[in-house]
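In: any chance you can model this:
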Amino acid sequence: MIKDWEQIADYFNAMRERSSNEAMRAALTGVKEAIDFINQGPLRQTLFGWTSVGDLCVQQADIQPYSGPYLRLSPLASGLIEFRYVDTAIERRQWHRTEVPNLAIQRLETFFDQLCWRPRPTQPGAGDVNRRNSN
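Out: Here you go, the predicted model:
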């Protein structure tokens with residue numbers, strides 16, 4: 001079930017507090033920072049999330065979870081976070097990366113930019129430069 005970002009943040013905070021594994025706590029902190037990044041910006045209105053056991057799942061559409069492509073962030077006992085884009089049932093064809101917790105937001109931003117899950121920043125005057133060069 002789709003949840004609001006505050007509920008998801010609370011869920012991961014509780015998981016982090018219960019964990020006795022320091023590496024897992026670090027990974028959970030990285031996932032929580034990714035949640036805060038989404039929740040505190042414009043992506044809050046365009047991305048939808050839910051939890052699956054210990055994973056964060058994020059999708060673009062407000063549809064039933066698992067019914068379309070989604071990004072899954074999994075905190076690992078090693079202290080890393082696995083990012084996996086589930087767009088096919090064939091696991092070996094799914095894009096996936098592991099990342100250290102303090103680079104979770106950077107990995108998330110790169111993913112969002114590559115799949116156009118957020119608007120690309122525009123540079124003022126970029127159109128003017130193209131017009132000048134075409135003359």
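In: look up how far residue 78 lies from the residue most central in space within the chain.
Out: Central residue of the chain (Cα atoms, centre = their mean): residue 108, 4.8 Å from the mean position. Between residue 108 and residue 78 the distance is 19 Å, computed by Cβ to Cβ, to the nearest Å. Heads up, the C-betas are built off the backbone N, CA and C, glycines and all.
In: quick one: the closest residue to residue 36 other than its chain neighbours from residue 56, how far?
Out: Closest residue to residue 36 apart from its sequence neighbours, by Cβ to Cβ, 6 or more residues apart in numbering: residue 9 at 6.7 Å. Between residue 9 and residue 56 the distance is 10 Å, computed by Cβ to Cβ.
In: more neighbours: which of the two?
Out: Comparing residue 9 with residue 56 by neighbour count (other Cβ atoms under 10 Å), the higher total belongs to residue 56, at 25 against 19.
In: doesn't that one belong to a strand?
Out: Yes - checked against DSSP: H, G, I helix; E, B strand; the rest coil, residue 56 lies within a strand.
In: so what's it up against?
Out: If you count contacts by Cβ atoms under 8 Å, 6 or more residues apart in numbering, residue 56 has them with 8, 12, 31, 34, 35, 49, 72, 73.
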